[in-house]
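J.: Pasting the sequence and the predicted coordinates here, then a few questions.
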Amino acid sequence: MNEIKWRALFFLVILAIAYLLILNIFNLNIAILSLVFTLTSVILFHTYWLYQLDLWLDNPSIKNLPNGSGIWNKIFSKIYRTETKQKKTKQELFEVLDLFKSGAGAMLDGVVAVNKNNEILWSNKTAQRMLNIIPKNDYNRPIFYIYRNTYFKAYIENENYEDTLKINNQTSMPPLEIKVAYFGSKQRIIVFRDITKETEIQNMRKEFVSNFSHEIKTPLTVLIGFIETLAEMKSSKSVSEKKIISMMSGQANRMNILIEDLLLLSHIESNQHVNRSEKINIAKLIRDIKKNVIEVKGNSHKFDFSIDSKLDLYGARQEIESAFNNLITNAIRYTPSEGQISIRWNLINTLPIFEVVDNGIGIPEKNIKRISERFYRVDPNRSRETGGTGLGLAIVKNVVNQHQGEMKINSDIGLGSSFKLIFPADRAIK
């Protein structure tokens, strides 16, 4: 650009000098005619090459790029270098794209690329088989038209892809695990993984745990009965004998609670089609928990209730009661005596939310994501001392998942914790 400016300035200087020379040698008319002729020639020269550039832009190709003369030679040379560079870059991009398509096509998982409107841009053969996608018909159509699933639609539209989505029990499709990642500008890659084998193994494990728990429950009940009989016998016992019987009773009862929790968890996980649409009077349910749990275990704590007595819930009463009970019991267990525990049940932004807030010991941030895993304990020794089985929050998470809700945990060490169970708006009864 600078070179063009200098050339134009140089041309004007030369033209001015030539005009002055002609004016001194000849008369004014000849000088003006010479100036007009020169300017006209220059304008025609540049007009010609502008015309050639316009023709080339109608069909841009390196092969038919004009050579140009003077400054236009340099302009066309720059265009040539730019076009060559862009062609090389474009070729490299195509190679990368072909490599991506080749790699994605060889994946055992289904891969679908969608735009910001959730319209299908591309899919590999696995996804086409898995979701019955026909490229010539289904590309540029919303993926929800091809794969119709309420949970999948909500997951995609929610745009929170930190966790994967698992969808089971579809008659025409295998169980799927779905993960989404962004690329480009609001475009997304959706990966569909067939988890049939994993689901079968998981079901076998659940069945084993359920059967094992059932089998061990009967002899354990007999043992507990004998221990209670020994404890009630009036024959004189030494201090050590009484201590042994007390320890036997405590451990047997702890094992019984553990088996009850295992059976409950197995029941929740395996009963996908249980009736979860019965009308639950939540205010009454919380009153029952207060009577049976809070007044027995939490008599040394201060409780604060904020309950919307007119807000009920569609769900499975036994499961909801178990979830609420576990959260309240946990708050009691990990909050020191005289500590404050708040229990809230309200409609917030159309969503029914149950929340338990305490000012107890809190949970380290690194443990929050894992705390709802089976048998995971932040402090195993403390959990055993307080009678925890390590299954309470796993039960809560499964219950809220089966009711299409989510559990949110916030906690600070030494300040306390907040556990929220957020249910879908269509489960609220107001």
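T.: In hand now; what should we look at? Keep in mind the model is a prediction, meaning the values are calculated, not measured.
J.: any low-confidence regions in the stretch 301-430 of the chain?
T.: Along the stretch 301-430 of the chain, segments meeting pLDDT under 70 span 376-389.
J.: now the helices: where do they sit in it?
T.: Secondary structure of the stretch 301-430 of the chain (DSSP state H, counting those that start in this stretch): helices at 317-333, 365-368, 380-385, 392-402.
J.: Now tabulate those in JSON lines and tack on mean neighbour count and distance to His301.
T.: Every residue, glycine included, has its C-beta placed from N, CA and C. Shown next, in JSON lines, are these (neighbours: other C-beta atoms under 10 Å; distance: least, C-beta to C-beta, whole Å):
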{"stretch": "helix 317-333", "mean neighbour count": "22", "distance to His301": "6"}
{"stretch": "helix 365-368", "mean neighbour count": "12", "distance to His301": "23"}
{"stretch": "helix 380-385", "mean neighbour count": "12", "distance to His301": "17"}
{"stretch": "helix 392-402", "mean neighbour count": "22", "distance to His301": "18"}
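J.: Could you list which residues are in contact with the closest residue to Asp426 other than its chain neighbours?
T.: Leaving aside its sequence neighbours, Asp426 sits nearest to Tyr314 (C-beta to C-beta, 6 or more residues apart in numbering; 7.8 Å). Going by C-beta atoms under 8 Å, 6 or more residues apart in numbering, Tyr314 touches 276-280, 426-429.
J.: Report the buried members of those residues.
T.: 276, 280, 427-428 (16 or more other C-beta atoms under 10 Å).
J.: Next one: the most centrally placed residue in the chain from Ile178, what distance?
T.: Centroid-nearest residue in the chain: Tyr161, 1.9 Å away (criterion: C-alpha atoms, centre = their mean). In this view, Tyr161 and Ile178 are 9 Å apart by C-beta to C-beta, to the nearest Å.
J.: Also Phe423?
T.: Phe423 sits 22 Å away from Ile178, going by C-beta to C-beta.
J.: List the residues that contact Ser277.
T.: By C-beta under 8 Å, 6+ apart, the contact set of Ser277 is 314-315.
J.: ok now stretch 227-243, how far from the chain's centre?
T.: Taking C-alpha atoms, centre = their mean, to the nearest Å, one finds stretch 227-243 lying 56 Å from the centre of the chain it belongs to.
J.: And Tyr151, how far from Arg205?
T.: According to C-beta to C-beta, Tyr151 stands 24 Å off from Arg205.
J.: And Ala316, by the same measure?
T.: In this view, Ala316 and Arg205 are 23 Å apart by C-beta to C-beta.
J.: Also Ile268?
T.: Noted for Ile268: a distance of 15 Å to Arg205, by C-beta to C-beta.
J.: neighbour-wise, which of those two wins?
T.: Ile268 (23 against 11; other C-beta atoms under 10 Å).
J.: Could you verify that the more buried one is part of a helix?
T.: Yes. Judged by DSSP: H, G, I helix; E, B strand; the rest coil, Ile268 forms part of a helix.
J.: Tell me the helices and strands packed up against the longest helix anywhere in the chain.
T.: Ranked by number of residues, the top helix in the chain under DSSP state H is helix 196-232. Packing contacts for helix 196-232, counted by 3 or more C-beta pairs under 8 Å, 6 or more residues apart in numbering; DSSP states H and E, involve helix 239-270.
J.: Excluding chain neighbours, what is closest to Asn132?
T.: Counting by C-beta to C-beta, 6+ apart, the nearest residue to Asn132 once its immediate chain neighbours are dropped is Ile146, at 7.1 Å.
J.: That neighbour touches Glu119, doesn't it?
T.: No. With contact defined as C-beta atoms under 8 Å, Ile146 does not reach Glu119; the gap is 10.5 Å.
J.: any low-confidence regions in the stretch 1-150 of the chain?
T.: The model of the stretch 1-150 of the chain has pLDDT under 70 over residues 1-39, 92-106.
J.: Please tell me how far the closest residue to Leu313 other than its chain neighbours sits from Asp312.
T.: Excluding the flanking residues, the one nearest Leu313 by C-beta to C-beta, 6+ apart is Ile280, at 4.8 Å. As judged by C-beta to C-beta, Ile280 and Asp312 stand 6 Å apart.
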